[in-house]
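Undergrad: mind looking at a prediction? Sequence and model below.
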Amino acid sequence: MDTPSLTQINQPGAHRKVDIRCDECPIRYRAVCAHCEGDSLDALEDMKFYRSYEPGQRIVWEGDTLDFVGSVVSGVASLTQTMEDGRTQMVGLLLPSDFLGRPGRSVAAFSAVAMGHVTLCCFRRKPFEEMMRTTPQIANRLLEMTLDELDAAREWMLLLGRKSAREKIASFLTILARREAALQRRKPGDRMQVELPLSREAMADYLGLTLETVSRQVNALKREGVIEFQGKRGVVLTDFARLVEESGDDADGGWIS
């Protein structure tokens, strides 16, 4: 029997059992199950289900009870918080392999909305929390992912607080490139293509810039040969090392003082 594609299993707002084995999953070695093998992987295989969302569809609202946790298999979701006066701020993105939900806490701290077609690999909260207690590989991997997220949040504080508009946009593109390369288990290189998960308006909101500034800086990077456009959302990074320089970081992602 052929394995169905992600397009075939997408049913907005629905979840069902599908015949996609964990060892064939595109996020297999980046998600919360990365260290699981044998019986523990089989247990997750039996427990999982998929949920799919259309662009703009709510995954969870801030303050809602979230009865499942899971990993993003494909697509990108935004994380936002709302102030008492109704103002909202995008505070993060969920990219493929990122984890949604927090074991031990049933109330969502953020709103999550699909920015494109999103597929989640989900686990009911209670069975997953029980498995965490009996399977150290899952708890250890979740700790690793949490620490990585903390490092990323600190780097984002630097980006928003100190970097120029050009550096912000270049940094955003290098983050996408490094994540894409990590999923493919290789290093980012020249002439690699990434898909922009956000419109320019959403990029402006996320990066703390105006729409006009985003358009001007993106076009400048294109004019100077650092990037090329491919279709509606595709961006070809023609010179990754140059892009890293433009971001104000060194080759390992650290800030150049």
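TA: Sure thing, it's come through.

Undergrad: in the protein, where is pLDDT below threshold?
TA: Residue ranges of the chain with pLDDT under 70: 1-20, 250-257.

Undergrad: who's in contact with the residue most central in space within it?
TA: The centroid of the chain falls nearest to Leu95 when counting by C-alpha atoms, centre = their mean (1.1 Å). Going by C-beta atoms under 8 Å, 6 or more residues apart in numbering, Leu95 touches 72, 76, 176, 179, 197. Backbone N, C-alpha and C define where each C-beta goes, glycine included.

Undergrad: and which of these is nearest Ser52?
TA: The shortest gap between Ser52 and any of the contacts of Leu95 belongs to Val72, at 11.3 Å (C-beta to C-beta).

Undergrad: pretty sure that closest one is touching Leu94, no?
TA: Yes: using C-beta atoms under 8 Å, Val72 makes contact with Leu94 at a distance of 5.0 Å.

Undergrad: shared neighbours of those two, anything?
TA: Jointly contacting Val72 and Leu94 under the rule C-beta under 8 Å, 6+ apart are Leu100.

Undergrad: follow-up on the earlier one: can you pick the most crowded of the contacts of Leu95?
TA: Ranked by the number of neighbours (other C-beta atoms under 10 Å), the contacts of Leu95 place Val72 first, at 24 neighbours.

Undergrad: bridging residues for that residue?
TA: Val72 has these beta-bridge partners by DSSP bridges: Leu120.

Undergrad: for Phe172, give me the backbone phi and psi.
TA: Backbone torsions of Phe172, given as degrees, to the nearest 10, read phi -60, psi -40.
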